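Undergrad: generate a structure from the sequence data that follows.
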Amino acid sequence: MPKLAGKVVLITGAARGIGAQTARVLARRGAKLALVGLEPADLAAVAAELGDEHFWAEADVTDPESIQAAVDRAVEHFGRLDVLIANAGVAPLGTVRNTDPRAFVKTVDVNVNGVFHTARAALPHLIERRGYVLVVSSLSAFAPIGGMAAYTASKAGAEALASALHSEVMHLGVAVGSAHPSWIDTDMVRDVEADLGSFAAMRGRLPWPMRATTSVGECATAFADAVERRSRRVYVPKPIVLMHWLRNLPASRLVERLMLPTTRRLVPRMEQEAAALGRSFSERNQKLQG
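TA: Modelled structure (predicted):
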């Protein structure tokens with residue numbers, strides 16, 4: 001029998017991208033999915049694609065009452081909760097100098113506070129089942145680049161939160177891991193590159209493996225494998241582990257000197273492009289953030 005047969009997995013940010021594809025992979029391995037997010041029509045479509053036994057609920061991870069209600073409904077529906085994948089996340093446009101402060105705060109609210117609210121709501125049920133939490137952080141947590149300050153800070157916070165939570169609940173039989181994908185071919189990455197040509201140019205100048213792009217299918221498979229293994233850390237693609245070991249390298253004087261001609265040229269361009277857009281997120285995410 002597959003390891004995940006009958007296991008109940010709740011995924012936030014499950015309407016599309018990594019969340020939706022991970023749900024598909026887990027469903028094929030016998031798991032029962034609780035899909036949570038802000039896009040009810042897309043969530044319903046994914047749940048219908050997976051089959052009648054799966055569940056979806058609209059919820060905002062930045063609202064403790066909203067995410068608590070979604071978790072409670074999922075547990076009421078399935079009778080238990082075995083795994084949480086805290087995947088919901090956003091990425092704003094622009095640099096510290098020109099980013100709308102509200103966008104910076106919103107990014108931290110979704111990417112860090114959202115993990116906290118979701119984990120806190122799910123923990124009583126996960127403790128009962130000696131379950132597993134996978135917090136989706138990023139390569140950016142330990143390899144920051146210009147134009148991604150809010151995202152980098154929030155994903156580093158998510159990684160630290162996962163590590164602290166692991167220490168707090170391992171004696172209760174709950175395992176906690178953090179996932180560190182690089183550039184995944186999702187609409188979030190494509191939307192930013194479409195909005196900011198300078199961002200795409202900056203990414204192309206990064207050293208390997210920092211510039212590697214992985215398909216959403218490969219990423220989802222890695223996440224599903226992590227759930228089966230109750231992994232402490234997940235790197236997508238696997239060579240990203242090198243950047244974790246060398247996490248001080250991106251901020252070193254050597255890399256600073258190598259990247260200076262690129263940042264001198266592209267950061268001002270990025271700021272101009274972001275200002276010209278007149279918004280702080282991609283069009284898709286701007287609508288979701290309200």
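
Undergrad: residue 71 is in contact with residue 125, isn't it?
TA: Yes - Residue 71 lies in contact with residue 125 (Cβ atoms under 8 Å); the separation is 7.3 Å. C-beta here means a position set from N, CA and C on the backbone, and glycine is covered the same way.

Undergrad: more neighbours: these two, which one.
TA: Higher neighbour count among residue 71 and residue 125: residue 71, with 26 against 21, using other Cβ atoms under 10 Å.

Undergrad: do you know how far residue 121 is from residue 19?
TA: 17 Å (Cβ to Cβ, to the nearest Å).

Undergrad: same question for residue 178.
TA: On the measure of Cβ to Cβ, residue 178 and residue 19 end up 16 Å apart.

Undergrad: so the spatially closest residue to residue 10 that is not a sequence neighbour: helix, strand or coil?
TA: Closest residue to residue 10 apart from its sequence neighbours, by Cβ to Cβ, 6 or more residues apart in numbering: residue 34 at 4.1 Å. Three-state assignment for residue 34 (DSSP: H, G, I helix; E, B strand; the rest coil): strand.

Undergrad: list the contacts of residue 34.
TA: Residue 34 makes contact with 8-11, 54-57, 70, 74, 77-78, 81 under the criterion Cβ atoms under 8 Å, 6 or more residues apart in numbering.

Undergrad: 6 Å - rerun?
TA: Listed by Cβ atoms under 6 Å, 6 or more residues apart in numbering, the contact partners of residue 34 are 10, 55, 74.

Undergrad: sort out for me which of those residues are in helices.
TA: Under the assignment DSSP state H, those contribute residue 74 to helices.

Undergrad: so which of the contacts of residue 34 is the most crowded?
TA: Going by other Cβ under 10 Å, residue 10 tops the contacts of residue 34 with 29 neighbours.

Undergrad: ok, back up a step: which residues does the residue nearest to residue 10 form a beta bridge with?
TA: Assessed by DSSP bridges, residue 34 has beta-bridge partners residue 10, residue 55.

Undergrad: do you know the pLDDT at it?
TA: For residue 34, the pLDDT comes out at 98.

Undergrad: swap in residue 186?
TA: In the predicted model, residue 186 carries a pLDDT score of 59.

Undergrad: ok, residue 142 next?
TA: Turning to residue 142, the model gives it a pLDDT of 84.

Undergrad: swap in residue 99?
TA: Residue 99 is assigned a predicted lDDT (pLDDT) of 83.

Undergrad: hang on, it in a strand?
TA: No - applying three-state DSSP, one finds residue 99 to be coil, outside a strand.

Undergrad: what about it, distance to residue 110?
TA: Relative to residue 110, residue 99 is positioned 15 Å away (Cβ to Cβ).

Undergrad: which of these two has more neighbours?
TA: Between residue 99 and residue 110, counted using other Cβ under 10 Å, the more crowded position is residue 110 (24 against 19).

Undergrad: the spatially closest residue to the more buried one that is not a sequence neighbour: which element?
TA: Nearest non-adjacent residue to residue 110, counting by Cβ to Cβ, 6+ apart: residue 90, 4.9 Å away. Assigned by DSSP states H and E, residue 90 belongs to no helix or strand.
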